[in-house]
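[1] Need coordinates for the below:
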Amino acid sequence: MEASELTEGEIDEILSLYRQATTERTTTFDIIDRAGDERTHTKFLKWICDPEGSHGLDATFLNHCLDVAGGTQYAIEGVDGDTVNSISTFSRKPDETELDILIETDTRMLAFEIKTQSSLRHKQIDAQTRFLQKQVEKNAVNSWDYILLTQEHQNTKNSYPHLYWSDIHSCLTDIVGQVESEIDALRIRDWMHAINKDLLDQRDFGPESILTLQYGEKLNHLGIPYDSEAHIDDRIQLFKRLREWLREQYELSSGSSNEWTSRTLQSRFERGSDIYRIGKHRWEDARIRFEVLARDKRLKQGTDHDSHGYRSTDSLIEVTLRYIIDEQDTESSQENPTPGSQQRKKLHEKLKQDGHWESLQAAGFHRTRTLLPEDQPLSRYHMYSREIPVCEQDGKGVFADIRDAVAALMDTRASIDEFVEMEETQ
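    Numbering: from 1, shown residues only. Take a look at the predicted model:
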């Protein structure tokens, strides 16, 4: 069969992907290029929460959100729309920071801190809540409520009511039928679609990317147009999400060599950029770090996969524990183990002794030496590898798989610290 010929199954798959890529609804957010823009979503939220908004819902939506945010842990009093004096966005009343949404009555202040992509900052929360408390101390109001709105739960020093974008979407679903104005109902439905598409679904590799990665070569031969750059944009967005998740989940700094550093966490999102690095300065001296690899070529089928001898030829993203050994160490054998291979074995035994190897295996990691053909030299760079295919279904779950793999590696930090310290003292 010619390289350009397609099987019946491939033709069906390509047609399905084309339908998905071309029939997806365009929202106002897409047209103005504000799909992930936090301020745009904040302004929509302010409008729907305003009792005097053109939607005619009074405080129905606002109270729905307060009820969900309160849950069983917090008692958040509802709002009578007639008592609201003002509702503003990006208020700079606090000296140190701004409030995304501030609702004021004669006796109460209600503030929303909103995040669409980035993580919450503790200093910002402290400044905002300090301002609200000062209003009580000055007898300007009797009480205040402070609500966090994010994609997923984020840890804070103090406990606050928490809303998620999925809650906002559910609340809009409940009330959109009550909106009499057809134009406003369309606005709300458009916003709901944008929330679902850009803040909830978070598709990591969409139909355009699958066409590029899985069928690009054949489509080129047949002269069928497709977006050859789609997978690059998807990869950039995935890495941005990974960085934000890491910053939220783990304490990061640019301080001493004993801390996790933003220097090694950052990655350049250029076409030639291939590696997302996670590590410590002192680990670099021991030639150890974690990496997420998504090279342009590696994402393509069958190219640049065999240089280390263990990778699948499918389009993939690879999460690794990188432990560089010298060139001569790659020729190690059981009969004549080299120093570099013995060091890797020591680290492996350390992680095994500390109970990490079992969890790493559960997260899909393999020792690269076990994946290699018998006569293949060891990988000079990678000690453990977890390969994550990107051409399954519509790509959902790619980020979750990467996150779980990175989390399993991050759990080994203390053990690797001890290993590095032992090696430094020898």
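
[2] so where do the helices sit in the stretch 201-350 of the chain?
    In the stretch 201-350 of the chain, the segments counted as helices under DSSP state H, counting those that start in this stretch are 207-222, 230-249, 262-265, 281-285, 296-299, 339-353.

[3] and the last one, what's its mean pLDDT?
    Going back to what we said before, that points to helix 339-353. The average of the pLDDT scores along helix 339-353 is 95.

[4] Any idea how many residues pack against Glu349?
    Residues contacting Glu349 under the criterion other CB atoms under 10 Å number 12. C-beta coordinates here come from the backbone N, C-alpha and C atoms, glycine included.

[5] any idea how far Asp411 is from it?
    Computed with CB to CB, to the nearest Å, the distance linking Glu349 and Asp411 is 17 Å.

[6] Ok, Lys345 next?
    Distance, Lys345 to Asp411, using CB to CB: 21 Å.

[7] repeat for Thr129
    For Thr129, the distance to Asp411 - CB to CB - is 32 Å.

[8] Tell me which of the helices of the stretch 201-350 of the chain lies nearest to Leu163.
    For the helices of the stretch 201-350 of the chain, the distance to Leu163 is smallest for helix 230-249, at 16.3 Å, taking CB to CB.

[9] Against Ala111, how distant is Tyr276?
    Applying CB to CB to Tyr276 and Ala111 gives a distance of 35 Å.

[10] Just give the number of residues close to the residue nearest to Ile324 when sequence neighbours are not counted.
    Leaving aside its sequence neighbours, Ile324 sits nearest to Arg287 (CB to CB, 6 or more residues apart in numbering; 4.0 Å). Applying other CB under 10 Å, we find 14 other residues in the vicinity of Arg287.

[11] swap in Trp144?
    The local packing of Trp144 (other CB under 10 Å) involves 19 other residues.

[12] Tell me if it really is in a helix.
    No: when DSSP: H, G, I helix; E, B strand; the rest coil is applied, Trp144 is found to be strand, with no helix at that position.

[13] residue contacts, it?
    Under the criterion of CB atoms under 8 Å, 6 or more residues apart in numbering, the neighbours of Trp144 are 108-111, 132-133, 135-136.

[14] which ones among those residues are found in strands?
    Of the contacts of Trp144, the ones assigned to strands by DSSP state E are 108-111.

[15] can I get those residues in CSV with pLDDT?
    As requested, these are exported to CSV (pLDDT from 0 to 100):
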residue, pLDDT
Arg108, 95
Met109, 94
Leu110, 95
Ala111, 94
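
[16] Most neighbours among the residues you listed, which one is it?
    Counting neighbours by other CB under 10 Å, the one among these with the most is Leu110, which has 25 neighbours.

[17] who does the closest residue in space to that residue that isn't next to it in sequence bridge with?
    Leaving out its chain neighbours, the residue that sits closest to Leu110 by CB to CB, 6+ apart is Ile103, at 4.1 Å. As for beta bridges, Ile103 partners with Ile87, Leu110 under DSSP bridges.

[18] neighbours around Ile103, how many?
    Counted with other CB under 10 Å, residues neighbouring Ile103 total 23.

[19] is it true that it touches Asp80?
    No: judged on CB atoms under 8 Å, Ile103 makes no contact with Asp80 at a distance of 11.8 Å.

[20] Could you name every residue contacting both of these two?
    When contacts are counted by CB under 8 Å, 6+ apart, Ile103 and Asp80 have no shared neighbour.

[21] if I look at the residue nearest the centre of the chain, how far off is Glu248?
    Closest to where the C-alpha atoms of the chain average out (CA atoms, centre = their mean) is Arg241, at 2.6 Å. For Arg241, the distance to Glu248 equals 11 Å [CB to CB].

[22] in the stretch 151-300 of the chain, which segments are predicted with low confidence?
    Within the stretch 151-300 of the chain, the ranges that satisfy pLDDT under 70 run 201-203, 251-263, 268-273.

[23] at 80 instead, please
    Screening the stretch 151-300 of the chain residue by residue with the criterion pLDDT under 80, one finds the ranges 152-157, 197-198, 201-204, 237, 240-241, 243-245, 247-274, 295-298, 300.

[24] The stretch 1-150 of the chain too?
    For the stretch 1-150 of the chain, applying pLDDT under 80 flags the ranges 1-6, 20-36, 72, 91-97, 117-121.

[25] can you do 90?
    Counting by pLDDT under 90, the stretch 1-150 of the chain contains low-confidence ranges at 1-39, 70-75, 90-99, 115-127, 150.

[26] show me where it has strands.
    Assigned by DSSP state E, counting those that start in this stretch, the stretch 1-150 of the chain shows strands spanning 84-91, 99-105, 108-114, 143-150.

[27] now the second one, how far from the chain's geometric center?
    I take that to be strand 99-105. If you compare the mean C-alpha spot of strand 99-105 with that of the full chain, they lie 28 Å apart, counting by CA atoms, centre = their mean, to the nearest Å.
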